[in-house]
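*Asks:* Quick one, structure for this:
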Amino acid sequence: MKYLFLLNTAEDGLPDPGTAEHAAMFQAYGAAVAAMAEAGVLVDCAPLEPASTATTVRVRGGGTVLTDGPAAELREQVGGYTLIECPDLDQALRWAATIPAALTGSVEVRPVIVVDRG
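*Replies:* Below you'll find the predicted structure:
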């Protein structure tokens, strides 16, 4: 079963690039991802650009409407994702708890629906 982790953080709560805190945060993420890779559960992961760089697309009444910014204004925004494959939700939740975003924000864990494309 695949699980998608949406890493939610408050952008104003992140350490400034170039600081020791920023380096420590990336080191902690690296350790979590390395452990997942070593265990053979990691499928993919990446940080995302800030929510302010997003463009939201909606189709209404036959027309496409583009809006600068995220789909919703929230205190926490999706700052990255991790996709893993493991036997069950309990194991996925244990892996999610190793991600540093869980310490200062949240990690939303969602099962991926298997779609038959045949």
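*Asks:* Sort out which residues of the helix of greatest length in the chain are buried, please.
*Replies:* Under DSSP state H, the helix in the chain containing the largest number of residues is helix 20-39. Using 16 or more other C-beta atoms under 10 Å as the test for burial, helix 20-39 gives 25, 29, 32, 36. (Glycine included, C-beta is placed from N, CA and C.)
*Asks:* what's the nearest residue to the second one if we skip its chain neighbours?
*Replies:* Closest residue to residue 29 apart from its sequence neighbours, by C-beta to C-beta, 6 or more residues apart in numbering: residue 100 at 5.6 Å.
*Asks:* Was I right to think the one you found contacts residue 32?
*Replies:* Yes - using C-beta atoms under 8 Å, residue 100 is in contact with residue 32, at 6.8 Å.
*Asks:* With residue 31 as the reference, measure out to the residue nearest to residue 29.
*Replies:* 9 Å (C-beta to C-beta, to the nearest Å).
*Asks:* And for residue 83?
*Replies:* Distance from residue 83 to residue 31, by C-beta to C-beta: 18 Å.
*Asks:* Starting from the least confident helix or strand in the chain by mean pLDDT, tell me the next helix or strand along the chain.
*Replies:* Lowest on mean pLDDT, DSSP states H and E among the helices and strands of the chain sits helix 101-104, with a mean of 90. Using DSSP states H and E, the helix or strand that follows helix 101-104 in sequence is strand 106-111.
*Asks:* on that earlier part again, residue 30 versus the residue nearest to residue 29, what's the distance?
*Replies:* 10 Å.
*Asks:* show me what contacts residue 54?
*Replies:* 68, 69, 70, 71 (C-beta atoms under 8 Å, 6 or more residues apart in numbering).
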